[in-house]
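1. coords below, sequence missing:
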């Protein structure tokens, strides 16, 4: 039986982040987009998603969605048939990096949410080329529709997130670690490190993408996901 596929969007993103993947994979399986906007801790968001998800599912998360996916793997490894982590980070915030979010909170409270969004996701975090500004505009549309309250909750969740290195070392399901070659926010070297933590993980660098490969290079991403979904459930030790 083909397992359902659950995508988790990144910060201030919704179903539009995976629109190309939904269109492609919904022809062959049940495809769901999780809601990552409820809760001020990654643990709360993960618990809510688990309550609303099938008993077993393939799991893919991008950016903050990948952080939530790792927490789901920590909480319910028996329910995750395979995992794909895209342009994300398994490490906890340091006190210094957590404090760096505070000016964003101040800016949001003062009514400058979109300025904060533009400062957070910069053009240079995406692949160069004519499609860059269209992807940025799509990201800003999603952020504006979700609003300032969601933005503040997600920032608080990221500030308090736990280190997931031990979870990745224990992973025993087919794993794909994917990153855009031009990702300046969570760069490829971070993903090389992640792939080394996970037994038998495959690392794929998307040469024509930056931090948002699902929108920047959808056909490449769909091909990599298809290969990942076709892997056998059981991995040999």
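-> Yep, that arrived. Computed from a predicted model, the values in this text were never measured in an experiment.
2. the residue most central in space within the chain: what's it in contact with?
-> Geometric centre of the chain, nearest residue: residue 62, 1.6 Å, by Cα atoms, centre = their mean. Residues near residue 62 by Cβ atoms under 8 Å, 6 or more residues apart in numbering: 7-10, 13, 17-18, 86-88, 212-214. Any C-beta I mention is one placed from the backbone N, CA and C, and that applies to glycine too.
3. kindly recompute the last result at 7 Å.
-> 9, 10, 17, 86, 87, 88, 214 (Cβ atoms under 7 Å, 6 or more residues apart in numbering).
4. all the strands of the chain, residue numbers only.
-> Along the chain, counting by DSSP state E, strands occupy 5-8, 31-33, 57-62, 80-86, 175-180, 202-206.
5. starting at the chain centroid, how far to the fifth one?
-> Centroid separation for strand 175-180 versus its chain: 10 Å, with Cα atoms, centre = their mean, to the nearest Å.
6. show me what that strand is packed up against.
-> Here strand 175-180 touches strand 80-86, helix 188-197, strand 202-206, helix 213-216, helix 218-229, going by 3 or more Cβ pairs under 7 Å, 6 or more residues apart in numbering; DSSP states H and E.
7. next, the angle from it to strand 80-86.
-> For strand 175-180 against strand 80-86, the angle by axes from the mean of the first three to the mean of the last three Cα atoms, to 10 degrees is 20 degrees.
8. name every strand pairing with strand 175-180 and say which way it goes.
-> Next to strand 175-180 in the sheet, as set by DSSP bridges, lie strand 80-86 (parallel), strand 202-206 (parallel).
9. using JSON lines, lay out those together with distance to residue 114, mean neighbour count and mean pLDDT.
-> Below are those laid out as JSON lines (distance: least, Cβ to Cβ, whole Å; neighbours: other Cβ atoms under 10 Å; pLDDT from 0 to 100):
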{"stretch": "strand 80-86", "distance to residue 114": "25", "mean neighbour count": "25", "mean pLDDT": "97"}
{"stretch": "strand 202-206", "distance to residue 114": "28", "mean neighbour count": "18", "mean pLDDT": "98"}
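10. wait, which of the ones you listed is closest to residue 103?
-> Closest to residue 103 of those is strand 80-86 (Cβ to Cβ; 27.2 Å).
11. that closest one vs helix 188-197, what angle?
-> Per the same axes, to 10 degrees, the angle that strand 80-86 makes with helix 188-197 is 160 degrees.
12. any chance of the strands of the chain in CSV, plus distance to residue 230?
-> Converted to CSV, these look like this (distance: least, Cβ to Cβ, whole Å):
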stretch, distance to residue 230
strand 5-8, 12
strand 31-33, 16
strand 57-62, 11
strand 80-86, 10
strand 175-180, 11
strand 202-206, 12
